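# Here is my input, please return the structure:
(one chain, ligands or ions: 1)
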Amino acid sequence: MRMVDLIEKKKNGEMLTAEEIQWMISGYTKGEIPDYQMSAMCMAIYFRGMTMDETITLTMAMRDSGDVLDLSGISGVKVDKHSTGGVGDKTTMALGPIVASLGVPVAKMSGRGLGHTGGTIDKLECFPGFSTSISEETFKDNVNNIGIAVAGQTANLAPADKKLYALRDTTACVNQKSLIASSIMSKKLASGSDAIVLDVKVGNGAFMENAEDARALAQIMVDIGKGAGKQTHALITNMDQPLGNAVGNSVEVLEAIETLKGNGPDDFLEVVYALGKHMLLLAGKADSEEDALAKMKETIANGNALQKLREFVAAQGGDPSYVDDPSKLPLAPVVVEVAAPCDGYVKTLEARPIGHASMLLGGGRATKESDIDLSVGCILRKKIGDEVKKGDSLCTIYAQTAEAAEAASKEVLGAYEFSDSFVAKPTMIYAELM
Ligand code: URA
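Alright, predicted model coming up:
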């Protein structure tokens, strides 16, 4: 087989056979197919698309390019949760302890963030001493003993996707449904869980900017999951504005802790409860949607979810005293309020510039190697639908320098639009696919 012939075929809109896709992924993983040919293929796929059969074959080939974890040593139905990514998405930090405290084994592989803000691992490292570089044995023991563990993604988990994603990122080929679905699902299927709950974000801060595309992406992923024998549910959720109020690392951890104490922002709680409901149902830990919701509210109210976070942090070497005294979390010294320029109602609060503001402050990575500052970030004080008076604080910025705060303030202000008349709060959950 020759890669140039496969590129030609896809360029002409023809379908690749399973054998061709498997050959291509195996050759690319081994370094036998160069990046320039693979980039041409990605661009051809970008414009010509892939059929469902091609997408499934691509996913399985990427899953099998490395280790496929065996979590059978962990008892119970392991339900993995994955978000397609957005601004202020600290869901795992709150949802993990909530469902773990209700008996759902949480055995999660997470990544560091690239762009906007940190990923779950960066956030967990706000607890001094916390390590996600734990052995497979410790990982499994922790899930069996306390119900939750989060490990860094091993180098050999879907290595084909690692290479391909980096290539797509630098050749403007991220935004294609079959490529996104196969990328995400190859990793989820290699992570060894029994069932999968997907949070497909839609809006100006997400990969999918309209509901129709998000629904199509979600359906592809659900079909791939089911095709691989895993129960897979997908939610389509709103990312027209940042999720919750905090965007950054320490500030997001703080918000997750507050959520577990019963003080979570409404929009964030709505998404947490919606995802948690599916996790509890799939794990057989709730009899109905109402039962699931009642159990989640109860585990927050009685302190069990917060206790689970303490145990989780301690089991991975972190200092659990930060859970009880989150004021110990590092916060940058320059604190600036962004003032509302007029009276009215918040009509728009674009997620992307808020993520960019966090980057400007040093809270996100420009490259995989960059260090990030855990102490910087923004706390939004006004969100879509809120009434504001001129001079009210829209957002509090935590920065290292006055210059960085100034640059971030401009970005934040540019994210807002106001209306003279009443604006309704946005719907958070657009659809649930099963
Ligand atoms: N997340 C992934 O892991 N892959 C994509 O292609 C997009 C988001």
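
# The closest residue in space to residue 81 that isn't next to it in sequence in helix, strand or coil?
Distance criterion C-beta to C-beta, 6 or more residues apart in numbering; nearest residue to residue 81, sequence neighbours excluded, is residue 197 at 4.8 Å. (C-beta placed from N, C-alpha, C; glycine too.) The three-state label given to residue 197 by DSSP: H, G, I helix; E, B strand; the rest coil is strand.

# Return the residues in contact with residue 299.
Residue 299 makes contact with 98, 101-102, 305, according to C-beta atoms under 8 Å, 6 or more residues apart in numbering.

# element containing the residue of the chain found nearest the ligand?
Proximity of the chain to the ligand (C-beta to the nearest ligand atom) peaks at residue 183, 3.4 Å away. Taking DSSP states H and E as the definition, one finds residue 183 inside helix 177-190.

# so what does that helix touch, helix or strand wise?
helix 35-48, helix 52-63, strand 79-83, helix 159-170, helix 211-227 (3 or more C-beta pairs under 8 Å, 6 or more residues apart in numbering; DSSP states H and E).

# could I get it in CSV with only the CA atoms?
The C-alpha trace of helix 177-190 is given here as CSV (Å, rounded to 0.1, in the frame of the first residue of the first chain):
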residue,chain,number,x,y,z
LYS,A,177,-16.4,15.5,13.7
SER,A,178,-15.0,12.1,12.8
LEU,A,179,-11.5,13.1,13.8
ILE,A,180,-12.7,14.5,17.2
ALA,A,181,-15.0,11.5,17.9
SER,A,182,-12.3,9.0,17.1
SER,A,183,-9.7,10.9,19.1
ILE,A,184,-11.8,11.1,22.2
MET,A,185,-13.4,7.6,21.9
SER,A,186,-10.0,5.9,21.2
LYS,A,187,-8.7,7.2,24.6
LYS,A,188,-12.0,6.4,26.4
LEU,A,189,-12.1,2.8,25.1
ALA,A,190,-8.4,2.3,25.9
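
# Compute the inter-axis angle for that helix and helix 159-170.
150 degrees (axes from the mean of the first three to the mean of the last three C-alpha atoms, to 10 degrees).

# gap between helix 177-190 and the chain center?
14 Å (C-alpha atoms, centre = their mean, to the nearest Å).

# do stretch 389-398 as well
That offset, for stretch 389-398, works out to 27 Å (C-alpha atoms, centre = their mean).

# Likewise for stretch 252-267?
17 Å.

# okay, how far is it across that stretch, tip to tip?
End-to-end distance of stretch 252-267 (C-alpha to C-alpha, to the nearest Å): 14 Å.

# Show residues contacting it.
Outside stretch 252-267, the residues touching it (C-beta under 8 Å, 6+ apart) are 88, 90, 93-94, 97-98, 117, 123-124, 126-127, 238, 243-246, 268-269, 272, 300-301, 305-306, 309, 323, 326, 329, 377, 383, 425-426, 428.

# In ChimeraX, how would I select just the buried ones from those?
The ChimeraX command for the buried members of the contacts of stretch 252-267 (criterion: 16 or more other C-beta atoms under 10 Å) is given here:
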select :88,90,93,94,97,98,117,123,124,126,127,238,243,244,245,246,268,269,272,300,305,306,309,323,326,329,377,383,428
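
# Keep only those of the contacts of stretch 252-267 that are in strands.
238, 246, 377 (DSSP state E).

# Please identify the one among these that lies nearest to residue 31.
residue 377 (39.2 Å; C-beta to C-beta).

# For the closest residue to the closest one other than its chain neighbours, give me its contacts.
Nearest non-adjacent residue to residue 377, counting by C-beta to C-beta, 6+ apart: residue 248, 1.7 Å away. Residue 248 makes contacts with 117, 358, 361, 363, 374, 376-378, 398, as judged by C-beta under 8 Å, 6+ apart.

# one step back: put together a markdown table for the contacts of residue 299, with distance to the ligand on each row.
Formatted as a markdown table, these follow (distance: C-beta to the nearest ligand atom, whole Å):
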| residue | distance to the ligand |
| --- | --- |
| 98 | 24 |
| 101 | 28 |
| 102 | 27 |
| 305 | 27 |
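
# quick one: the helix holding residue 183 to helix 35-48, angle?
Going by the same axes, to 10 degrees, helix 177-190 makes 110 degrees with helix 35-48.

# still on that earlier bit, please list all residues in contact with the nearest residue to the residue of the chain closest to the ligand once chain neighbours are set aside.
Counting by C-beta to C-beta, 6+ apart, residue 161 is the residue found nearest to residue 183 once chain neighbours are left out, at 5.1 Å. Contact analysis of residue 161 by C-beta under 8 Å, 6+ apart lists 62, 65, 182-183, 186-187.

# and what of residue 217?
Residue 217 touches 84, 177, 180-181, 200, 207-208, counting by C-beta under 8 Å, 6+ apart.

# near the ligand, which residues of the stretch 51-200 of the chain?
Residues of the stretch 51-200 of the chain found near the ligand (C-beta under 6 Å from any ligand atom) are 84-85, 165, 174, 179-180, 183-184.

# Distance to residue 286 added to the residues you listed, as a markdown table?
Below are these laid out as a markdown table (distance: C-beta to C-beta, whole Å):
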| residue | distance to residue 286 |
| --- | --- |
| 84 | 25 |
| 85 | 27 |
| 165 | 35 |
| 174 | 36 |
| 179 | 35 |
| 180 | 30 |
| 183 | 31 |
| 184 | 26 |
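
# Need the max-distance pair from those.
Most distant of those, by C-beta to C-beta, are 85 and 179, 14.5 Å apart.

# So between these two, which is more surrounded?
Legend: neighbour count by other C-beta atoms under 10 Å for residue 85 and residue 179, higher for residue 179 (22 against 19).

# Is it correct that residue 39 is in contact with residue 171?
Yes - the criterion here is C-beta atoms under 8 Å, and residue 39 meets it with residue 171 at 4.6 Å.

# Could you list the domains of the chain?
Taking automatic domain parsing as the reference, the chain has its domains at 3-49, 79-324, 331-419.

# List the contacts of residue 195.
Contacts of residue 195 by C-beta under 8 Å, 6+ apart are 77-80, 230-233, 282-283.

# try residue 270
So, once contact is read as C-beta under 8 Å, 6+ apart, residue 270 ends up touching 428-429.

# Quick one, grab the pLDDT at it.
With respect to pLDDT, residue 270 scores 97.

# SS state for residue 149?
Classified using three-state DSSP, residue 149 is strand.

# you'd agree it is up against residue 139?
Yes - Residue 149 lies in contact with residue 139 (C-beta under 8 Å); the separation is 4.9 Å.

# what is in contact with those two at once?
residue 107.

# Provide the count of other residues in contact range of the residue of the chain closest to the ligand.
There are 22 residues near residue 183, going by other C-beta under 10 Å.

# show me what contacts it?
Contacts of residue 183 (C-beta under 8 Å, 6+ apart): 62, 161, 164-165, 168.
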